[in-house]
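Q: make a model of this:
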Amino acid sequence: MPTIAKEATRSYLEGMLAVGLKNLKNKLAEYVRLVAAGETVLVTDRERVVAELIPPRAGRSDMASDALLADAVRKGWITPPVVGPASPPVGLPVAPLQVLLAELEEDRGGR
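A: Numbering: from 1, shown residues only. Modelled structure (predicted):
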């Protein structure tokens with residue numbers, strides 16, 4: 001049993017810890033390590049459960065940006081691309097530079 005169990009109380013469910021907000025704040029890194037190792041931690045405020053810290057779901061990316069994108073897709077906020085990643089399209093010039101500069105000069109001359 002981890003040494004942190006001395007600070008937290010065991011829940012009625014085996015494998016879960018319950019910890020008060022003050023203890024969680026003081027030992028946050030230790031509780032995060034327990035959660036990363038597979039423990040579930042219930043956060044209490046005056047003996048009332050207010051939050052639950054759980055390990056990441058299977059298949060969740062290690063990168064926060066990937067996890068946020070995957071969550072946004074799951075909730076329907078964004079749609080994944082239909083085609084895979086490819087090189088950006090080649091930008092073809094609209095007109096030769098000399099023509100563009102001449103048009104710009106002509107537009108400025110009218111002012």
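Q: use CA for all of it now, contacts and neighbours both
A: Will do.
Q: what's the mean pLDDT across the top helix by length along the chain?
A: When the chain is scanned for its longest helix (criterion: DSSP state H), the result is helix 97-109. Helix 97-109 carries an average pLDDT of 91.
Q: then stretch 40-60?
A: 90.
Q: which residues are in contact with it?
A: 15-21, 24, 31, 34-39, 67 (CA atoms under 8 Å, 6 or more residues apart in numbering).
Q: out of those, which are buried?
A: Met16, Leu17, Ala18, Val19, Gly20, Leu21, Leu24, Tyr31, Leu34, Val35, Glu39 (16 or more other CA atoms under 10 Å).
Q: show me the beta-bridge partners of the fifth one.
A: Right, the one you point to is Gly20. Thr44 (DSSP bridges).
Q: what separates it from Arg48, distance-wise?
A: Distance from Gly20 to Arg48, counting by CA to CA, to the nearest Å: 9 Å.
Q: ok, the fourth one next?
A: Here the criterion is CA to CA. By it, Val19 lies 10 Å from Arg48.
Q: which pair in the contacts of stretch 40-60 has the greatest spatial separation?
A: Longest distance between any two of the contacts of stretch 40-60 is 28.0 Å, between Gly20 and Ala67; criterion CA to CA.
Q: tell me where the chain has strands.
A: Assigned by DSSP state E, the chain shows strands spanning 9-10, 16-20, 40-45, 48-53.
Q: could you dump those into a markdown table with distance to Pro89 added?
A: Shown next, in a markdown table, are the strands of the chain (distance: least, CA to CA, whole Å):
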| stretch | distance to Pro89 |
| --- | --- |
| strand 9-10 | 59 |
| strand 16-20 | 53 |
| strand 40-45 | 48 |
| strand 48-53 | 45 |
